[in-house]
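K.L.:
Have a look at this fold, sequence not included:
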């Protein structure tokens with residue numbers, strides 16, 4: 001273990017200094033960086049954004065950055081700049097570098113109060129050696145990447161060149177046998193085969209990445225915009241988070257400013273209500289990783305602001321997904337909650353959830369106010385980083401929803417995030433620390449005025 005720590009330090013020679021420099025900036029903003037002791041935790045970026053812009057100014061589109069040599073020194077700055085997910089592309093670089101990069105991100109989370117999720121992107125280059133049970137088109141190199149990601153405690157695996165739903169199901173079954181269901185599986189849509197089996201793949205996955213670079217090699221370029229929009233809509237209908245990726249700000253690999261067309265491309269993805277937008281080479285090997293992220297953030301914020309100003313962010317009803325009655329109740333509760341939140345112009349939505357499902361259903365309807373999702377589960381907190389408009393916070397939760405509300409609103413008020421007169425719509429989840437046999441407690445919606 002000592003050797004590994006040393007390798008990480010030597011690979012990132014400037015990270016310690018950069019982190020120390022950033023610590024003075026972050027300490028004043030931190031609620032609590034420790035989450036395993038029953039204390040409440042809000043990430044420093046969300047708290048700073050709340051103080052500066054208030055509830056309705058919270059950015060809803062999530063930002064994903066690919067790590068690489070160009071952003072070694074910039075990792076703390078990228079985290080402060082709004083990076084919600086750090087992606088490691090295992091197609092490039094060696095294992096030791098990737099290991100050091102992921103440990104550096106975890107160190108920032110633990111010591112500086114950030115909440116950045118880790119995603120690994122598999123290589124997908126060789127034919128399968130079928131030693132994990134069952135036939136699948138998942139490649140042999142993918143399995144090595146998957147095992148590496150598991151060993152490093154990643155939150156998400158992006159599976160390359162998925163052909164059909166069996167690829168996803170096979171990997172999920174493998175993770176389940178190892179009690180690793182908390183690791184989310186994103187399917188990369190980047191081939192004709194994946195387009196042919198799109199709905200089945202999305203239904204089997206925990207999320208989707210539209211890899212437009214490889215996809216553009218296999219289909220006419222002029223079809224990419226329409227296909228992107230159709231995938232965004234389908235993912236939203238099926239309640240799966242979606243990342244729009246590849247060449248969003250490609251010119252910023254070399255230049256400090258983007259082209260107008262690139263800004264329009266980012267804005268269009270935000271207008272379509274994609275859950276997240278991602279930069280790749282721009283942050284991994286580009287000359288201006290921080291500036292690229294700043295452009296991504298500014299373009300996202302401006303399009304979201306325009307949607308609110310022009311009243312374009314209207315409630316778009318989704319077709320019913322649930323089959324079982326308990327799931328139907330959850331879905332209808334969240335649909336109604338968002339409609340109420342928009343009609344009443346509340347300042348924020350609070351949802352108390354153990355696994356994040358209710359937060360995802362709220363996000364699916366793209367409400368005007370931000371969604372503050374309170375959970376006592378670390379893995380759930382990290383998985384909610386992928387959902388549009390959801391700010392995940394880790395707090396100790398009780399069976400008493402009134403106690404939960406008092407605790408969380410006191411937390412928000414103490415840090416200047418909430419004030420007297422604010423209106424909050426509160427959604428409670430029925431799975432909070434209750435035995436499954438307890439059918440006397442149901443989900444509920446409340447509208448509360450902050451004292």
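P.N.:
On my side now, so go ahead. None of the values given here were measured: they were computed from a predicted structure.

K.L.:
C-terminal to the least confident helix or strand in the chain by mean pLDDT, what's the next element?
P.N.:
Using mean pLDDT, DSSP states H and E, helix 15-27 stands out as the lowest-scoring helix or strand of the chain, at a mean of 39. For helix 15-27, the following helix or strand on the C-terminal side (DSSP states H and E) is helix 44-53.

K.L.:
And that next one, what does it pack against?
P.N.:
In terms of contacts (3 or more CB pairs under 8 Å, 6 or more residues apart in numbering; DSSP states H and E), helix 44-53 is packed against helix 75-80. All C-beta spots, glycine's among them, are computed from the backbone N, C-alpha and C.

K.L.:
How far does the helix it packs on sit from its chain's centre?
P.N.:
Between the centre of helix 75-80 and the centre of its chain there are 16 Å (CA atoms, centre = their mean, to the nearest Å).

K.L.:
buried ones in stretch 56-67?
P.N.:
58, 59, 60, 61, 62, 63, 64, 65, 66, 67 (16 or more other CB atoms under 10 Å).

K.L.:
Looking at these, spot the one nearest residue 328.
P.N.:
Of all the buried residues of stretch 56-67, residue 328 sits closest to residue 60, with 26.4 Å by CB to CB.

K.L.:
ok, and the closest non-adjacent residue to the closest one?
P.N.:
Leaving aside its sequence neighbours, residue 60 sits nearest to residue 389 (CB to CB, 6 or more residues apart in numbering; 3.9 Å).

K.L.:
and that neighbour, how many neighbours?
P.N.:
If you count neighbours by other CB atoms under 10 Å, residue 389 ends up with 26.

K.L.:
what about it, distance to residue 97?
P.N.:
For residue 389, the distance to residue 97 (CB to CB, to the nearest Å) stands at 34 Å.

K.L.:
For stretch 79-96, what is the spacing between the initial and final residues?
P.N.:
Terminal residues of stretch 79-96 lie 22 Å apart, using CA to CA, to the nearest Å.

K.L.:
Show the contacting residues for residue 423.
P.N.:
Neighbouring residues of residue 423 by CB atoms under 8 Å, 6 or more residues apart in numbering: 344, 345, 346, 347, 447, 448, 449, 450.

K.L.:
most surrounded residue in those residues?
P.N.:
Most surrounded of the contacts of residue 423: other CB under 10 Å gives residue 346, at 23 neighbours.

K.L.:
for the stretch 1-150 of the chain, which spans come out with low pLDDT?
P.N.:
For the stretch 1-150 of the chain, the stretches with pLDDT under 70 are 1-40, 124-140.

K.L.:
which residues touch the closest residue to residue 282 other than its chain neighbours?
P.N.:
Leaving aside its chain neighbours, residue 282 sits nearest to residue 292 (3.9 Å; criterion: CB to CB, 6+ apart). Residues in contact with residue 292 (CB under 8 Å, 6+ apart) are 249, 252, 258, 279, 282, 283, 286.

K.L.:
swap the cut-off to 10 Å and go again
P.N.:
Neighbouring residues of residue 292 by CB atoms under 10 Å, 6 or more residues apart in numbering: 65, 70-71, 78, 81, 248-253, 256, 258, 262, 279-283, 286.

K.L.:
Need phi/psi at the residue nearest the centre of the chain.
P.N.:
Centroid check for the chain by CA atoms, centre = their mean gives residue 386 as the closest residue, at 1.7 Å. With angles defined as degrees, to the nearest 10, residue 386 sits at phi -90, psi -10.

K.L.:
OK, contacts around the closest residue to it other than its chain neighbours?
P.N.:
What sits nearest to residue 386 in space, not counting adjacent residues and going by CB to CB, 6+ apart, is residue 241, at 4.1 Å. Counting by CB under 10 Å, 6+ apart, residue 241 touches 62, 156, 184, 186, 205-209, 235, 274-276, 360, 363-364, 383-388, 390.
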